[in-house]
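Trainee: model the following, please.
(chains A and B)
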Amino acid sequence: MKQKIMQIFLGIVCLALFSFASTIDFTFDRYHSPDELNKILKDAAESFPKITKLHKIAVTRSQKEVSILEIGNETDTAKKELPAVFVAANMEGTTPIASEAALYLVKSLLEDDSLIKDKTWYVLACGNPEAAAHYFNKPLRQDPRNSNPYNDDMDDQVDEDGADDLDGNGIITMMRVKSPEGSWIPVPGEPRLMRRADPSKGEQGLYKLYSEGLDNDGDGEYNEDGQGGVNIGINFPHLFEHHTTTGGLWPGSEEESYYLIKFIMEHREIGLTFCFGQTNFCLNPPAGGRRGSVDLNNIKIPERYGKMMGLDTEKTYTMKEIIELLKPFVPEGMEITESMVAQFLGLGAVVNPLPEDLKYYKELSEQYKEFLKKTGLDTERLEPQKAKDGSFELWAYYHLGLPSFTMDFWTLPKVKEEKEEQEITPEKLEKMSDDEFIALGEEKINQFLKSAGAPENFKAKNVIDAVKSGAMSTKRMAEMLKKMPKPENSEQGGSEEEKALLAFSDKELEGKGFVNWETYDHPTLGKVEIGGEVPFVKNTPPADRVETLLKGQIPWVFEIADKMARIKIAKTDAEEIGNNIYRIKVWVENSGYLPYPTAMGERNTRILPVIVTVEGDIEILEGKKRSLIKSFGQQKSQEVSWLVYLKKPGEIKIQAVTNIAWKDSKVITLGGNR
Amino acid sequence: MKKIVCSSLILLLSLAASVNAGAADQKIAVPLTFDAYYSYEDVVNAVKALNKAFPKLTKLDLVGKSEENRAIYCLTVNNPATGNELDKPGVYVDGNIHGNEIQATEVCLYFLNYILTKYGENERVTELVDKNCFYVIPTVNVDGRYHFFNDANTSSSNRGLRRPKDDDRDGLVDEDFPDDLDGDGNICMMRKKDPLGAYKTDPEDPRLMVRIKPGEKGEWTLLGQEGIDNDGDGQINEDSEGYVDPNRNWGFDWMPEYVQSGAGDYPFSGEGIKAIASFVRKRPNICVAWAFHNSGGMYLRGPSVKKLTYPPQDIQTYDYLGEQAERITPGYHYLVSWKDLYTTYGDFIEWMVCCNGAYGFVGELFQSSTETFKTRKEEEKVKPETEAEENFFQESNEVERERLKFSDHLAQGELYKSWTAYNHPTYGDIEIGGWVKLSSRLPAPFMLKDLVHRNAMAVLFSAQNTPEVNMDIFEVKKLENDLYRLRVRLTNAKAIPTMSYYAQQHKLYPKDFLLISGNNIKVLAGGKLQNKYTDTASYKEHKPELQLLFVPGFGSVEYQFLVSGKGSVEIKYDSRHGGKVTKTLQLK
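Mentor: Below you'll find the predicted structure:
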């Protein structure tokens, strides 16, 4: 009897525990709206009070909460000992899977203690809740702007002319209308798609294209001033572009972005960031090649300063040289810093990833590709987007100076071109000798020139002649072709992305990814056709695939988090040089894979040096009470040494402290044996 | 010009540099007086007193609180009898965003006191007040002003916000301030007798020192600002308050710390700064903005960075106002910020211009070169600039000698602390002395009134030039039954356009509206009248009853409408900066 009662009791306890956890909606068979996400985060915080804390950082105009869930073992202290990882998701609000990924991450963290053993996690499941809500509302439209009013057309009304679901199918698509002024034509071979007519090829435009809707305010424009607002995803301070219609008046102009920036800046323990959205720094390192970055080893001095300081304005100087040259001009004892000089000379910001940092991005990218092979998620898919100016991920790298990673989880599968085998690509061309090229014959060469988008006057015959005469070679041709922009719409069937979308819609969605053109009687445009691609099809996989995608990819977040810089005291050494005077040496190392700090973090001076201290009954004769290791550079470890006078035999404590890469301490006993 | 570049460098790098003239315990009463500086508490009492004395014309707003929870006030001057605040051109004036630049506040208070006490007495001032709405925040950096008055300082310290910052990046924050070792309320300089030093006593004034020439014997080593190594790291005074510069923390063209020192962690991280920004955003009528600083004697306009350009039409307006300011305040230069001073990112005035569409000026108050002590003959001698050129980060000794004499004879020595012996824990026997806190960048109180008056008049001139739009329906022609042609002229009698060209170019907000309405009419066509003699108009295809336009400074625009119907017609002009004008007429 007793046993039975016990069993029932245990059963009730189990049930209670089970149901406790199951009140959290960790299901991945559908997408969760911003309100549902908040509910889940709240439930998680209530179910795991010891290891979680919910930070409500902002409330949007339409009263949606922006919340960050903290998961870790230091939730009850403001001053953290452990480093943290910050994960931001769906900053543009147009990528539902990003929020699901954040949710999946939260679930993983709550299920596996080992993941939070030595670090804190901050998860922002949805950075742009107002835009994210569009996916869950009718009519379906994709728009990254929040709901703050914005007068797009600068007339006398605000947000007065948005899209309208004229055909009542619950989806905002496009309208096409035949017009002599039209500049669009159906794509040959795929009449569902539209592209601009190319007058140079004798084509004439047939259609005008509009987004679906009415001229609500009667100003002759269609849908030119819809609801909103600012795209939170481009409202961050690095390379923020002023005076755009969707970026906001200044970086952090919105509650959502301002309070996120503030939160992160106030949590100096954050040492690594992830952003889930439409870019993928795990796969493609952040892009470089932007003009305007100043090379600190080649600085030109503006004329008016050059004259006064007696410097050659034609020459370039290194930052170190300039600091030395300025010294005689400033009051004694005044320290000249790099940022002082940079400001004085107007050097501006870093805009390309620094080479030292690209090195680990590239290595990790190779590892990630291997990782994907193992999970079976390495099928060829369309490229992720490039990071936008003003985005969270660029800000995290350039301004926070942290390793900033992003993941996009899914894009449309690439359509395999059947002819691809025979086609000549620039890569193939490069490897071909001139004779091999000529041997292809005019027909093949003409075909190739056409597909490569070469100008009309580039005929096979001329090219062959040029190669023969030595004026042109396969190598040069390949180079030229590589530089040429890829034709946006290839002759047949539309762009790669459009083809991928149609193929996916036809094969996987029973055609629901594209609304076929249907005629409609428009009150002001007359007879129009409404149709086109369905919003979100390009970046939102069917819900039944979400779990597999996340299960396969989220673990990579933990892989990278394991690689964070980690400060350790590798070795200590103490040698008495006589009369209780000791030389203490300490080797501090970064035992993690990622650098301390990133080259960018060192450049922007935001990441503090490692602070190495020595304490005990001693007097320091040489060396600093707080020694600073600014960076490890290419070295694994750095040495710090002191000359100390030991007042009394005993323990000496040596500490190496950081905010973002843990800390370490060692105790050594000096003079104990005598 | 060299002088200006020179002083720009000093301003930029002014980390080294010092009469007690606080108006403590003085009873604040209207009219305000300007023979002493107002402490932070005095400033609060002064705006309250003005508000109490002029309850109908003024409104006192608590804009926000600072890092240390001090109140930031704005006194709004508007005559409700002549219209609502937002329906009039707004003139914004502030000062003392840098905590040490205290006379800027006095300019703001003087301006308020002047226009309020002259209202109803002086015709021009009355007209000015009736036409505009004024927003004046006398002290932006309230914590800075408080600490500048109450703590020991140099004339350049306590500039920033009270936001802790780890300047020396050792993990400890604000742990090594300069120290007022001799307890006189000033942070002066330290020097030590040292035969190996790089300086010797100036033979003409023993208080000054000159660099030794090669081969000469030294006498002094300079040890920097007064202080001790509080944190025992071997450096002295290396991590004092802040430093977040409140004038690098605004949202336009903000750049992080490593590009722009003092930027703060992100735009509007300063609490008071954020509060002022939202206060300003709620007042879209502001069309001209002044921010007062010290020093150098400059009226600066943007751009503050080279890559930014202002439309040439805007520059014409700036020139008109800036050149007049030069005339009003002799010795001051009207200059372009990035070109003539230095590049700044995230400053207040640029934000006013580029995000809010105002015309903005920075007034850099006071020139130490006005501290003169010369006979007529000496004055006539042309001064060679060679010495200044050699050492452009420091004033030439010649200038300093003269300023010392000025201090001796016009301030009875109060501007300079004579060198006094002190026993320093690290350096041993040293001397402390030099320019005191209330010197160098601040006029001696007897010169204050001239400074505040002239600068207030420069503001006043720009306020007189805010848009003043008149509407003239200069033709109502009956073309046939129930069809009329209306011609409307909008004229701006003043220099400032109803919308800046910058704001138009970057679509900061909608243009002015000209709207024709009536119960029994229909506007068939409407648009800009290009040539009234040839009857050429460019009609707007859609919604002809609503025209979007602006009226240039000292200029006019003409519009033509074809209206069918009869009866009452209302023509309404509605502008953010140009006010509102409505006229009605009868078609019959």
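Trainee: part of a helix, is residue A:135?
Mentor: Yes - checked against DSSP: H, G, I helix; E, B strand; the rest coil, residue A:135 lies within a helix.
Trainee: relative to chain B, how far out is it?
Mentor: 30 Å (CB to the nearest CB, to the nearest Å). (Glycine included, C-beta is placed from N, CA and C.)
Trainee: count residues in the vicinity of the residue lying closest to that residue once chain neighbours are set aside, would you?
Mentor: Using CB to CB, 6 or more residues apart in numbering or on different chains and skipping the chain neighbours, the partner closest in space to residue A:135 is residue A:96 (5.1 Å). Residues within reach of residue A:96, counting by other CB atoms under 10 Å in any protein chain shown, total 23.
Trainee: quick one: contacts for residue A:96?
Mentor: By CB atoms under 8 Å, 6 or more residues apart in numbering or on different chains, the contact set of residue A:96 is A:31, A:90, A:132, A:135, A:536, A:540.
Trainee: is it true that the fourth one touches residue A:32?
Mentor: Meaning residue A:135. No - with contact defined as CB atoms under 8 Å, residue A:135 does not reach residue A:32; the gap is 10.1 Å.
Trainee: how is the chain divided into domains?
Mentor: Chain wasn't specified; assuming chain A. Per automatic domain parsing, the domain ranges recorded for chain A read A:30-150+A:228-289+A:357-411+A:541-563, A:299-344, A:418-483, A:567-670.
Trainee: switch to chain B, that's the one I care about
Mentor: According to automatic domain parsing, the domains of chain B span B:2-150+B:244-366+B:444-464, B:189-242+B:370-435, B:469-587.
Trainee: out of those, deepest packed?
Mentor: domain B:2-150+B:244-366+B:444-464 (a mean of 21; mean count of other CB atoms under 10 Å in any protein chain shown).
Trainee: what mean pLDDT does that domain get?
Mentor: Across domain B:2-150+B:244-366+B:444-464, pLDDT averages out at 93.
Trainee: so it, near chain A or not?
Mentor: Yes - with CB under 8 Å from any CB of the partner chain as the criterion, chain A is reached by domain B:2-150+B:244-366+B:444-464 at B:2, B:5, B:12-13, B:15-16, B:250-261, B:265-269, B:305-306, B:338, B:342-343, B:351, B:354-355.
Trainee: show me the helices in the stretch 51-200 of chain B, by range?
Mentor: In the stretch 51-200 of chain B, the segments counted as helices under DSSP state H, counting those that start in this stretch are B:103-118, B:123-131, B:142-150.
Trainee: could I get the CA-only coordinates of the first one as CSV?
Mentor: What follows is helix B:103-118 as a C-alpha-only set of coordinates in CSV (Å, rounded to 0.1, in the frame of the first residue of the first chain):
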residue,chain,number,x,y,z
GLN,B,103,29.6,82.2,-19.9
ALA,B,104,27.5,80.6,-22.6
THR,B,105,24.8,80.3,-20.0
GLU,B,106,25.0,84.0,-19.3
VAL,B,107,24.5,84.8,-23.0
CYS,B,108,21.3,82.8,-22.9
LEU,B,109,20.1,84.4,-19.6
TYR,B,110,21.0,87.8,-20.9
PHE,B,111,19.1,87.2,-24.1
LEU,B,112,16.0,86.1,-22.2
ASN,B,113,16.2,89.0,-19.8
TYR,B,114,16.7,91.4,-22.6
ILE,B,115,13.8,90.4,-24.8
LEU,B,116,11.4,90.0,-21.8
THR,B,117,12.3,93.3,-20.1
LYS,B,118,12.2,95.2,-23.3
